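**Student:** with the sequence up front, the predicted model follows.
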Amino acid sequence: MLEVIELSKAFGALRVTNNVSFKLEQGERRVVLGPNGAGKTTLFNLLTGELAPDSGKINIDGVTVNQMLPNERVRLGLGRSFQKNNLFTGLTVGESLRLALAIKRQKTFSLWRDGTRDAGIVERAEEIAGMVGLTTQIDVSCDALSYGARRQLEVGLALASEPKVLLMDEPTSGVGPDMTDAFTAMVGGLPRDLTILIIEHDLDVAFDIADSVTVLNFGKVVFDGTPEAARTSREVREIYLGDWAGDA
Ligand SMILES: Nc1ncnc2c1ncn2[C@@H]1O[C@H](COP(=O)(O)OP(=O)(O)OP(=O)(O)O)[C@@H](O)[C@H]1O
């Protein structure tokens, strides 16, 4: 579903993405882990099309997307969680989801009717609100949401693009332990056939969510395998020694 083949990117002399390869089958949940500066955000930006690689290939569902713009990749099925400043100011959670769905289904600009009132869209918006734990806040204005709820809505808006692959960049960064647990539960409840790639730095979140783990260090893949194997990997332990000390 998503294939990254020998991807490289340098900023001047610094190789931030160094020959990175991995593959996600449909329904697979892969977490990309790595310490600060390992190249996780750069990898995310290469996948979404914000940055162009120096070499290598990115395939989505068998199509090479290297030359595609970010919104073309979204149309092809690469959904990404929006940044919080992209939330629709002044709209409620439900209205935001309905608008995102209408845009995806290209009903917004119809002269004849308001696409956001389409029964299918209303129903799907409610379903998505449920998936991201926002059912009780569906009529709440985005401006009044807590930080954690905003992050949930970001995921909801990504789901509204009806992706084949959902990309999330450090979805738990800046949220407290309670929200981190809620986020882990939310991902656990997403449809099992949705392919998910999550960039994370938190080992516990990664191990709870992932079917497979890629660990980056200095731009290189230093581990690729199951969460169970990552737990006992010497390289991973060395990189994350601080994080592991409590569990060891
Ligand atoms: N536009 C840029 N120009 C020059 N160097 C950059 C640029 N973007 C990132 N870097 C450098 O590339 C390296 C990897 O950065 P990146 O943000 O991808 O790491 P990261 O794993 O996401 O780290 P963090 O967890 O701290 O966000 C860092 O050394 C960073 O300073």
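**Tutor:** All right, it came through fine. Just so you know, these numbers come straight off a predicted model, no measurement behind them. Residues are numbered from 1 along each chain as shown.
**Student:** same question for stretch 216-235, mean pLDDT?
**Tutor:** Stretch 216-235 shows a mean pLDDT of 91.
**Student:** go on, stretch 106-118?
**Tutor:** Averaging pLDDT along stretch 106-118 gives 61.
**Student:** quickly list what the residue nearest the centre of the chain is bridged to.
**Tutor:** For the chain, residue 168 is the residue whose C-alpha lies nearest the centre (Cα atoms, centre = their mean; 1.6 Å). Counting by DSSP bridges, residue 168 forms beta bridges with residue 198.
**Student:** pretty sure it contacts residue 195?
**Tutor:** No. Residue 168 lies out of contact with residue 195 (Cβ atoms under 8 Å); the separation is 11.9 Å. Every residue, glycine included, has its C-beta placed from N, CA and C.
**Student:** show me where the protein has its helices.
**Tutor:** For the chain, helices defined by DSSP state H occupy the ranges 40-48, 70-76, 93-104, 119-131, 147-160, 177-188, 203-209, 227-232, 234-239, 241-244.
**Student:** generate a markdown table for those, with mean neighbour count and distance to the ligand as supplementary columns.
**Tutor:** Below are the helices of the chain laid out as a markdown table (neighbours: other Cβ atoms under 10 Å; distance: least, Cβ to the nearest ligand atom, whole Å):
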| stretch | mean neighbour count | distance to the ligand |
| --- | --- | --- |
| helix 40-48 | 21 | 3 |
| helix 70-76 | 15 | 16 |
| helix 93-104 | 23 | 26 |
| helix 119-131 | 17 | 27 |
| helix 147-160 | 22 | 16 |
| helix 177-188 | 16 | 16 |
| helix 203-209 | 20 | 13 |
| helix 227-232 | 14 | 17 |
| helix 234-239 | 15 | 12 |
| helix 241-244 | 12 | 13 |
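**Student:** what's the least confident stretch among those helices?
**Tutor:** With a mean of 52, helix 241-244 has the lowest mean pLDDT of those.
**Student:** stretch 48-68: how far from the chain's middle?
**Tutor:** Its chain's C-alpha centre and that of stretch 48-68 lie 16 Å apart, by Cα atoms, centre = their mean, to the nearest Å.
**Student:** can you tell me what sits against it?
**Tutor:** Stretch 48-68 is contacted by residues 1-10, 17, 19-21, 42, 45-47, 69-70, 72-73, 76-78, 80, 164-165, 167 when judged by Cβ atoms under 8 Å, 6 or more residues apart in numbering.
**Student:** and those residues, which of them are buried?
**Tutor:** Buried positions within the contacts of stretch 48-68, assessed by neighbour count (16 or more other Cβ atoms under 10 Å), are 1-4, 7-9, 17, 20, 42, 45-47, 73, 77-78, 80, 164-165, 167.
**Student:** show me these that map onto strands.
**Tutor:** 2, 3, 4, 7, 8, 9, 17, 20, 78, 80, 165, 167 (DSSP state E).
**Student:** make TSV out of those residues and add distance to residue 52 and pLDDT.
**Tutor:** Listed next are those as TSV, based on distance: Cβ to Cβ, whole Å; pLDDT from 0 to 100:
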residue	distance to residue 52	pLDDT
2	18	95
3	18	96
4	14	97
7	11	97
8	11	97
9	8	97
17	11	96
20	15	97
78	15	92
80	17	85
165	19	95
167	17	93
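**Student:** my guess is residue 162 contacts residue 79. True?
**Tutor:** Yes. Counting by Cβ under 8 Å, residue 162 does reach residue 79; the two are 7.4 Å apart.
**Student:** who's more crowded, these two?
**Tutor:** The neighbour comparison of residue 162 against residue 79 (other Cβ atoms under 10 Å) goes to residue 79, with 25 against 15.
**Student:** apart from its neighbours in sequence, what residue is nearest the more buried one?
**Tutor:** By the measure of Cβ to Cβ, 6 or more residues apart in numbering, the closest residue to residue 79 outside its immediate chain neighbours is residue 163, 2.6 Å from it.
**Student:** go on, residue 142?
**Tutor:** residue 87 (4.6 Å).
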